[in-house]
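*Asks:* Dropping the sequence and predicted coords here.
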2 protein chains.
Amino acid sequence: MTFRVAARADVPAILGLLADDDITRERGFGIVPEEVDAGVWAAFEAIDEDPRNELIVAELAGEVVGTCQLTYLPGLSRGGAERMQIEAVRIRADLRGRGLGERLVRWSLDQARARGCRMVQLTSDHRREAAHRFYLRLGFTASHTGFKLSL
Amino acid sequence: MTFRVAARADVPAILGLLADDDITRERGFGIVPEEVDAGVWAAFEAIDEDPRNELIVAELAGEVVGTCQLTYLPGLSRGGAERMQIEAVRIRADLRGRGLGERLVRWSLDQARARGCRMVQLTSDHRREAAHRFYLRLGFTASHTGFKLSL
C-alpha cells in the first residue's frame, strides 16, 4: 500500500469510501450523488490550499482503497507545539480486517513525528470497537469523550 | 462577559488560564514560566495569521477570565461544510460554577452558525463531569471516544 496527498481526480473515489460505512449510512450520508456537489469541490480546494490540512489516499495496485484527513492544529499548550488530528479514516469495505487501516494510521503518525507534532488526536464513534482496539494497540489513550453537535 | 479574538498582549493571561487546572497540572504543564517561550509566541502568530483558527478571550470588568480556541475544519463530508472544533476551554478557577463556560461555548456556537458550519465538535477529558453535563445540556451528543497519543 502506498500513501500520497489526494489529487482532484481522487475526489469521487474518496466520497465513495466515506459513504460506504454503516454508521455514515445511519446518519443519512450513505449515498454518493452522481455529480460531485459544488460545495465538495470547494472543500477539496480549501484543503488542498491549506498548509495545515492534507487529504490522504492509500493506493493498492493503482486503486484508491483508503483515505484519511490530517489537520495540523497550532496551539499555545505544550510549548506551542502543533498537534495532528486524524479525521475520516476509511478503508474499502472488502479490504477491512487486514490491517490496512493500521498501516494508514501508522504512516500518519510518522508524518506527525516528521513535522515535530507533540501529540496526535482523533475521535471514533463508540460503536467502532474494532477500530478502538487498534488505536489502543498503537499506543493511544482513550482518555476523552468526543461531543458532537449538528447545526 | 464580552468575547473577542485574543491579541498578543493576552498571551500571558491565556497561558495562566491554561495552566491553572488540575488535569493540566497532572499532565505536568501546571507551571507558567516567567518568560513566554519562543515556541508559544510562534504558535500565537500562526493562529493569528490562520483564517481557520481563532484564539478567543472572554473578559469581565476588563480582565481576561476565560479562553478557548476555535478551528474551522474543511472536509468533504456533509456536502463540503466546515465543522467547528472547540479546544482549550478554560474559565478562571475562582469564577467556575457560575455558567461562564456555558456562555463562552454558547457564543462559540453562534460563531459557528454565522459561518455556516454544519457541525461543532470538541473532546473533554473523561474526568470533567461537570463540563460534560453542560455540553449535554447545550445539545451535544457524547457519541465518540477521544483518543490521544503523545509523541
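*Replies:* Done, it's in. Here the structure is a predicted model, which is why all the values come from computation and not from measurement.

*Asks:* List of residues touching stretch A:9-25?
*Replies:* By Cβ atoms under 8 Å, 6 or more residues apart in numbering or on different chains, the list of residues contacting stretch A:9-25 from outside reads A:6, A:29-32, A:36, A:40-41, A:44, A:55, A:57, A:64-67, A:88, A:90-93, A:125, A:127-128, B:76-77. Glycine gets a C-beta too; all of them are placed from N, C-alpha and C.

*Asks:* Of those, grab the buried ones for ChimeraX.
*Replies:* To isolate in ChimeraX the members of the contacts of stretch A:9-25 that are buried, counting by 16 or more other Cβ atoms under 10 Å in any protein chain shown, one can use:
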select /A:6,29,36,40,44,55,57,64,65,66,67,88,90,91,92,125,128 /B:76,77
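
*Asks:* which residues in chain A form strands?
*Replies:* Along chain A, counting by DSSP state E, strands occupy A:2-5, A:53-60, A:63-73, A:83-91, A:119-125, A:141-150.

*Asks:* The ones you listed into CSV, with extra columns for mean pLDDT and distance to chain B?
*Replies:* What follows is the strands of chain A, written out as CSV (pLDDT from 0 to 100; distance: least, Cβ to the nearest Cβ, whole Å):
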stretch, mean pLDDT, distance to chain B
strand A:2-5, 98, 14
strand A:53-60, 98, 6
strand A:63-73, 98, 6
strand A:83-91, 96, 7
strand A:119-125, 97, 4
strand A:141-150, 98, 3
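
*Asks:* so can I have CSV of the ones you listed showing distance to A:Leu100?
*Replies:* Conversion of these to CSV gives the following (distance: least, Cβ to Cβ, whole Å):
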stretch, distance to A:Leu100
strand A:2-5, 11
strand A:53-60, 7
strand A:63-73, 6
strand A:83-91, 5
strand A:119-125, 16
strand A:141-150, 22
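
*Asks:* Please identify which of the ones you listed is closest to B:Val105.
*Replies:* strand A:141-150 (9.8 Å; Cβ to Cβ).

*Asks:* For the closest one, C-alpha coordinates in PDB please.
*Replies:* The C-alpha trace of strand A:141-150 is given here as PDB (Å, rounded to 0.1, in the frame of the first residue of the first chain):
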ATOM      1  CA  THR A 141      -5.100   6.500  25.300                       C
ATOM      2  CA  ALA A 142      -8.900   6.600  25.300                       C
ATOM      3  CA  SER A 143      -8.900   9.500  27.800                       C
ATOM      4  CA  HIS A 144     -11.600  11.700  26.400                       C
ATOM      5  CA  THR A 145     -15.300  11.900  25.500                       C
ATOM      6  CA  GLY A 146     -16.000  13.200  22.000                       C
ATOM      7  CA  PHE A 147     -19.000  15.500  21.800                       C
ATOM      8  CA  LYS A 148     -20.700  16.400  18.500                       C
ATOM      9  CA  LEU A 149     -23.500  18.900  17.800                       C
ATOM     10  CA  SER A 150     -25.200  19.100  14.400                       C
END
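
*Asks:* Contacts for it, please.
*Replies:* With Cβ under 8 Å, 6+ apart as the contact definition, strand A:141-150 has outside contacts at A:123-124, A:132, A:135-136, B:109, B:118-126, B:132, B:135-136, B:138-149.

*Asks:* go on, stretch A:50-62?
*Replies:* Contacts to stretch A:50-62, defined as Cβ under 8 Å, 6+ apart, come from residues A:1-6, A:10, A:13-14, A:44, A:46-48, A:64-74, A:91, A:95, A:100, A:103-104, A:108, A:111, B:50, B:52, B:73-74, B:76.

*Asks:* what's the answer for stretch A:127-137, then?
*Replies:* The contact list for stretch A:127-137, computed with Cβ under 8 Å, 6+ apart, reads A:Ile23, A:Val89, A:Gly97, A:Gly101, A:Glu102, A:Val105, A:Leu122, A:Ser124, A:Ala142, B:Thr145, B:Phe147.

*Asks:* repeat that with 7 Å
*Replies:* Contacts to stretch A:127-137, defined as Cβ atoms under 7 Å, 6 or more residues apart in numbering or on different chains, come from residues A:Ile23, A:Gly101, A:Glu102, A:Ser124, A:Ala142, B:Thr145, B:Phe147.

*Asks:* Which of those are buried? Put it as a ChimeraX command.
*Replies:* Here is the ChimeraX command that selects only those of these that count as buried (16+ other Cβ under 10 Å):
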select /A:101,124 /B:145,147
